[in-house]
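In: below are the sequence and a predicted model; questions follow.
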Amino acid sequence: MKRVVQPELLDSLPPEVPQARGSRRDLQRINWWMGHHGLLARTLRQRLPAQLPGRLLEIGAGDGEFFLRLARQFTPPWSPPRATLLDMQDIVAPSTLAACARLGWQVDTEVADVFAAVPRSEPVAAVFANLFLHHFADAALARLLLKMSQQTDLFIAVEPRRVAQPWICGQLLRLIGCNAVTLHDGVVSVRAGFAGRELSELWPDPAGWHLTERRAGLFSHLFVAQRAP
């Protein structure tokens, strides 16, 4: 089954309308059910080099709630821990940033298109994305991965795993009470998800990197690119 990338409803809805707010709450539950916070926390612990302090960068960070839950499970081996949350929409609530600060994190936000974002002048210890890369067709995705390879030595993505019957995922989302926007976008996301080594094949200069790509759980796909020493 080939990747099919289609628009998702949440991307075009004004962020303040009830359907969008409800869908963002659904995504919080979906991430919990899929175990994405724990998966990313474990991967960062295993891969993040302790000798290279820097800032973490989340691309496609949305409302910041995913990062907040990640921060409750993971702290880098240096102090103070710092992160930037990048998204095209300015929807991270002050209360979310305050909650991160209570956990000891220094977190700021950047509202920008990821393709137009200015490269960091300070070291970026790791860039990560959760349920973000599947929004892009292969040509745009290749450009995005090239940009990430120029920004950091460690890139991690957790994405939907593409399956032959995406409607099954829609039925599961219905069972946990997701709204109509999430039901539509869930099926679209699975069709645009990844399998095999599709992301590895799009990564630039694979000879200079250690690439890991595998199934993670029932419906998730994990990709890790770490620069070879």
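Out: Structure received. Numbers count the residues shown, from 1 in each chain.

In: okay, CA-based contacts and neighbour counts for the rest of this
Out: Noted.

In: I'd like to know which elements the helix or strand containing Ala126 is packed against.
Out: Here Ala126 sits within strand 124-130, counting by DSSP states H and E. In terms of contacts (3 or more Cα pairs under 8 Å, 6 or more residues apart in numbering; DSSP states H and E), strand 124-130 is packed against strand 55-59, strand 154-160.

In: and the following helix or strand past that strand, C-alpha only, in PDB?
Out: On the C-terminal side of strand 124-130, the nearest following helix or strand under DSSP H and E is helix 138-149. Output of helix 138-149 as PDB, limited to C-alpha atoms (Å, rounded to 0.1, in the frame of the first residue of the first chain):
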ATOM      1  CA  ASP A 138       8.200  12.600  -0.200                       C
ATOM      2  CA  ALA A 139       9.700  15.600  -2.000                       C
ATOM      3  CA  ALA A 140       8.900  18.100   0.800                       C
ATOM      4  CA  LEU A 141       9.900  15.500   3.400                       C
ATOM      5  CA  ALA A 142      13.300  15.000   1.800                       C
ATOM      6  CA  ARG A 143      13.900  18.800   2.000                       C
ATOM      7  CA  LEU A 144      12.800  18.800   5.600                       C
ATOM      8  CA  LEU A 145      15.100  15.900   6.500                       C
ATOM      9  CA  LEU A 146      18.000  17.700   4.800                       C
ATOM     10  CA  LYS A 147      17.300  20.700   6.900                       C
ATOM     11  CA  MET A 148      17.200  18.700  10.100                       C
ATOM     12  CA  SER A 149      20.500  16.900   9.200                       C
END
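
In: how about the helices of this protein, start to end?
Out: In the chain, the helices defined using DSSP state H lie at 9-12, 18-34, 36-47, 65-71, 94-102, 138-149, 167-175, 180-191, 198-202.
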